[in-house]
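Participant: need a structure here:
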Amino acid sequence: MTSAFNIHKTIAFLLNSIIVGLIIYFVFKTNSDKSPIIFMVFYPALTILNLLIAIILGLFKMTQAKFYKQIVIGQLILFVPLI
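Facilitator: Sure thing, here's the model as predicted:
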């Protein structure tokens, strides 16, 4: 059980980190004046998706909801400096 929990946690953190990295890379790579709009749409969308996952897992009283809440809190804290 603990091993599966840690694997799920690691995959969730890595996947979210990769997606955020790709969003930031795409914004810098395109170097357009409309690139920040892409960031301002996709980053909150990812945060909302993680929040929905946390709510759904919380409704089913699953322990995995805890680290999705941590991901959402981390993304909200990092949102302001990334802007």
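
Participant: Any idea which residue is closest to the centre of this protein?
Facilitator: residue 16 (4.4 Å; CA atoms, centre = their mean).

Participant: So which bits of the helix ranked longest in the chain are buried?
Facilitator: In the chain, assigned by DSSP state H, the helix with the most residues is helix 2-30. For helix 2-30, the neighbour count (16 or more other CB atoms under 10 Å) marks 9, 12, 16, 20, 23, 27 as buried. C-beta here means a position set from N, CA and C on the backbone, and glycine is covered the same way.

Participant: just checking, the last one touches residue 39?
Facilitator: To tie it back to what came earlier, the one meant is residue 27. Yes: counting by CB atoms under 8 Å, residue 27 touches residue 39, with 4.8 Å between them.

Participant: which stretches of the protein have low pLDDT?
Facilitator: Within the chain, the segments meeting pLDDT under 70 span 1, 82-83.

Participant: burial count for residue 34?
Facilitator: Residues near residue 34, counting by other CB atoms under 10 Å, number 8.

Participant: Could you do the one 3 residues further on as well?
Facilitator: Counted by other CB under 10 Å, the residues lying close to residue 37 total 11.

Participant: And the helix or strand hosting it, what's buried?
Facilitator: Applying DSSP states H and E as the criterion places residue 37 in helix 35-59. Neighbour-count burial for helix 35-59, with 16+ other CB under 10 Å as criterion, is recorded at 39, 42, 43, 46, 47, 50, 51, 53, 54, 57.

Participant: Quick check: the fifth one vs residue 68, distance?
Facilitator: Meaning residue 47. Residue 47 sits 11 Å away from residue 68, going by CB to CB, to the nearest Å.

Participant: what do you get for the first one?
Facilitator: Relative to residue 68, residue 39 is positioned 22 Å away (CB to CB).
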